[in-house]
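A.B. asks: here's my sequence, what's the structure:
(one chain, ligands or ions: 2)
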Amino acid sequence: MTDVAEKIVSGDIRALSRAASWIEDRRPEAEILLRELFPRTGHAMILGITGPPGAGKSTLCDHIVRTLRDEGKTVGVIAVDPSSPYTGGAILGDRIRMQQHHADEGVFIRSMATRGCLGGLARATTEMTMLLDAAGRGVVIVETVGVGQDEVEIARLAGVTIVVLVPGMGDDVQAIKAGIIEIADVFVINKSDMPGAEKLERELNGYLGLSHRPDGWTPKIVHTVASEGKGIGEALAAVREYYAQSAAKSHMAEIWSRRLREMLRERLLDRIPAKEFSAAGRDVAEKRRDPYSIINDWLERL
Ligand SMILES: Nc1nc2c(ncn2[C@@H]2O[C@H](COP(=O)(O)OP(=O)(O)OP(=O)(O)O)[C@@H](O)[C@H]2O)c(=O)[nH]1
Ligand SMILES: [Mg+2]
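C.D. replies: Ligands and ions are numbered 1, 2, ... in the order given. This next block holds a predicted model:
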């Protein structure tokens, strides 16, 4: 192993930070390193936490981190903000909330915002989880803000996903985008100190009664008051119950088959310069060439 890889595997924080920056900056060193580290991955539990803005994801995450630290586990936290191309308030908030862990080397925190293209963010998030996994972090938490399709894509990268909902979000579960409901292995109804938590649970149960997952798992519903640290143990227990059974393994195969497709697509696209796409677009629009022959030419060249 190279020196950097060796250091990362042995838990060196500075080497880990440097490698994380390589991933964020899309440096070629990142790929070389991750290929080397790959055999060391596959041990961490990758836990996705997603849900609408302000649902209490970070507060919940913070308590889960504390519980895991009390158990003696090391943790990696990746806070992803696909909705904002800028370093927005959400990310700053996450940073501040997790500040209390800053002196603890057992908690490695990284915030990531989209840098232009979302595909790149999904890739960087995957790579970051691989890095933290290889570095021996027992649990890697990926917190994703929002409820859109983009967020769902990122949440799908996790081995087990918590969807955080809050009472009074809308009239019923239908108001929540279907995509986010479908990725939940565990539902956390946070802010259960507010009215409407029971109603939300009934609606969720109604929804779950109608839908059948291919893996046969029925998502658990857990009530929490994250701001008071209530229900954290139950949430973690539900996560572990899902993770312990075989469904999680086939889920990983599904994740990788999707990732491989995306990786291939990115690679192929990277090999055609953007200006060539523009020129070809003009050729087709102005009927100088048909699109099929352009694609065939590219495929032959690659
Ligand atoms: N009443 C109540 N408030 C809560 C609870 N959990 C979190 N909050 C508050 O809700 C607000 C948002 O919490 P966050 O943890 O930042 O929520 P988030 O989902 O991470 O927010 P974004 O990352 O911005 O999407 C904060 O003011 C919390 O103190 C809860 O169980 N009950
Ligand atoms: Mg947050």
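
A.B. asks: C-alpha from now on. contacts and neighbour counts both.
C.D. replies: Will do.

A.B. asks: show the end-to-end separation of stretch 162-180, please.
C.D. replies: In stretch 162-180, first residue to last residue: 10 Å (Cα to Cα, to the nearest Å).

A.B. asks: what mean pLDDT would you report for it?
C.D. replies: Average pLDDT, stretch 162-180: 73.

A.B. asks: flag the shaky bits of the stretch 201-302 of the chain, pLDDT-wise.
C.D. replies: Low-confidence segments of the stretch 201-302 of the chain, defined by pLDDT under 70: 246-249.

A.B. asks: near ligand 1, which residues of it?
C.D. replies: Applying Cα under 6 Å from any ligand atom, we find that the stretch 201-302 of the chain lies next to ligand 1 at 224-227.

A.B. asks: and which of those residues is nearest to ligand 1?
C.D. replies: Nearest to ligand 1 out of these is V225 (Cα to the nearest ligand atom; 3.1 Å).

A.B. asks: how close does that closest one get to A235?
C.D. replies: Taken as Cα to Cα, the span from V225 to A235 is 11 Å.

A.B. asks: between these two, which one's more packed in?
C.D. replies: A235 (23 against 19; other Cα atoms under 10 Å).

A.B. asks: helix or strand for that one, which one?
C.D. replies: Here A235 sits within helix 232-244, counting by DSSP states H and E.

A.B. asks: now do A103
C.D. replies: Short version, using DSSP H and E: A103 is in no helix or strand.

A.B. asks: drop anything exposed from the residues of the stretch 201-302 of the chain next to ligand 1.
C.D. replies: 224-226 (16 or more other Cα atoms under 10 Å).

A.B. asks: what angle do whichever helix or strand L268 is part of and helix 232-244 make?
C.D. replies: Under the criterion DSSP H and E, the helix or strand holding L268 is helix 247-270. For helix 247-270 against helix 232-244, the angle by axes from the mean of the first three to the mean of the last three Cα atoms, to 10 degrees is 80 degrees.

A.B. asks: show me which positions of the helix or strand following helix 247-270 end up buried.
C.D. replies: Going down the chain from helix 247-270, the next helix or strand is helix 274-285, by DSSP H and E. By 16+ other Cα under 10 Å, the buried positions in helix 274-285 come out as 280-281.

A.B. asks: ok, then the element right after helix 274-285?
C.D. replies: Heading C-terminal from helix 274-285 (DSSP H and E), you reach helix 291-301.

A.B. asks: residues from the stretch 51-200 of the chain in reach of ligand 1?
C.D. replies: Contacts of the stretch 51-200 of the chain with ligand 1, taken as Cα under 6 Å from any ligand atom, map to 52-59, 90, 145, 190-193.

A.B. asks: so which one among the residues you listed has the lowest pLDDT?
C.D. replies: At the low end of pLDDT for those is A90, which has 47.

A.B. asks: number of nearby residues for R156?
C.D. replies: 20.

A.B. asks: now the helix holding A235: buried residues?
C.D. replies: For helix 232-244, by 16+ other Cα under 10 Å, it's 232, 235-236, 238-239, 242-243.

A.B. asks: and it, what does it pack onto?
C.D. replies: helix 57-70, strand 160-165, strand 186-189, strand 220-223 (3 or more Cα pairs under 8 Å, 6 or more residues apart in numbering; DSSP states H and E).

A.B. asks: can we see that at 6 Å?
C.D. replies: The helices and strands touching helix 232-244, judged by 3 or more Cα pairs under 6 Å, 6 or more residues apart in numbering; DSSP states H and E, number zero.

A.B. asks: hang on, R137 in a strand?
C.D. replies: No - counting by DSSP: H, G, I helix; E, B strand; the rest coil, R137 is not part of a strand but coil.

A.B. asks: that one contacts V75, correct?
C.D. replies: Yes - under the contact definition of Cα atoms under 6 Å, R137 touches V75, with a separation of 5.2 Å.

A.B. asks: partners of the helix or strand that contains T144, with directions?
C.D. replies: Assigned by DSSP H and E, T144 belongs to strand 139-145. Take DSSP bridges as the rule and strand 139-145 pairs in its sheet with strand 45-51 (parallel), strand 75-81 (parallel).

A.B. asks: any idea which of these scores lowest on pLDDT?
C.D. replies: Among the strands paired with strand 139-145, strand 75-81 scores lowest, at a mean of 89.

A.B. asks: what residue spans form the domains of the protein?
C.D. replies: 41-247, 271-301 (automatic domain parsing).

A.B. asks: from those domains, which stretch is densest packed?
C.D. replies: domain 41-247 (a mean of 19; mean count of other Cα atoms under 10 Å).

A.B. asks: quick one: distance of it to the chain centre.
C.D. replies: 8 Å (Cα atoms, centre = their mean, to the nearest Å).

A.B. asks: numbering from 15 from now on, please.
C.D. replies: In the new count, where the first residue is 15, that last one comes out as domain 55-261.
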